[in-house]
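Peer 1: I need the structure of the sequence given here:
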Amino acid sequence: MPSYEIPPRDKPAGDNGYFEQLTKAVFQVGFSWQVVNNKWPEFQKAFDYFDVDTVAGYDERDVDRLLSNEGIVRNARKIEATIANARECRRIIDEHGSLHAYLRSMDDWTYPQRRKELAKRFRNAGPTSVFTFLHCVDEEVPAWEDRNK
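Peer 2: Purely as a prediction, here's the structure:
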């Protein structure tokens, strides 16, 4: 039995929701999904409920604070990636108006093109995390069973 369940699909109401789903997808890769899901309420508090602007402004003190928080998965690489991804989300919002509009700008792209673009823009966003992110924010992706093809 896999250590995950197929997550629900739900289009976020705004940029913070997209950023939260991206972060969750990044943290789930390489960890038990159940552990990450169980700790998610603590993640939400620790990362200021994934407010893009707030997390984009984090500094080394925030990294230290997060690394000492036993309520979350304390992986320095993923924590630093989350902060870098908030900054990239901020750039995308400035360029496109919203993360949703950014994804809409790729409507004519194939799934492999979208996956490559997102993996290039976001840190620690490999094929599995990009697939999971797109799936969770209700974007068009291959069937769950075909996610690694």
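
Peer 1: and stretch 90-99, what's buried?
Peer 2: With burial defined by 16 or more other Cβ atoms under 10 Å, the residues of stretch 90-99 counted as buried are 90, 92-93, 99. (C-beta placed from N, C-alpha, C; glycine too.)

Peer 1: in this protein, which ranges drop under the pLDDT threshold?
Peer 2: Where the chain drops to pLDDT under 70, the residues are 1-4, 148-149.

Peer 1: next secondary structure after the longest helix belonging to it?
Peer 2: Looking across the chain with DSSP state H, the single longest helix is helix 76-96. Taking DSSP states H and E as the definition, the helix or strand that follows helix 76-96 towards the C-terminus is helix 99-104.

Peer 1: for the spatially closest residue to residue 75 that is not a sequence neighbour, what is the enclosing helix or strand?
Peer 2: If you skip the residues right next to it in sequence, residue 75 has residue 27 as its closest partner in space, 7.5 Å away by Cβ to Cβ, 6 or more residues apart in numbering. According to DSSP H and E, residue 27 maps onto helix 15-28.

Peer 1: hang on, the earlier thing: quick check, nearest of the buried residues of stretch 90-99 to residue 84?
Peer 2: Within the buried residues of stretch 90-99, proximity to residue 84 (Cβ to Cβ) peaks at residue 90, which comes in at 10.7 Å.

Peer 1: contacts only, for the residue nearest to residue 75.
Peer 2: 36, 43, 73, 75, 78, 82 (Cβ atoms under 8 Å, 6 or more residues apart in numbering).

Peer 1: cutoff 6 Å now
Peer 2: Remark: with contacts taken as Cβ atoms under 6 Å, 6 or more residues apart in numbering, residue 27 is in contact with 36, 73, 78.

Peer 1: then residue 135?
Peer 2: With contact taken as Cβ under 6 Å, 6+ apart, residue 135 is in contact with residue 141.
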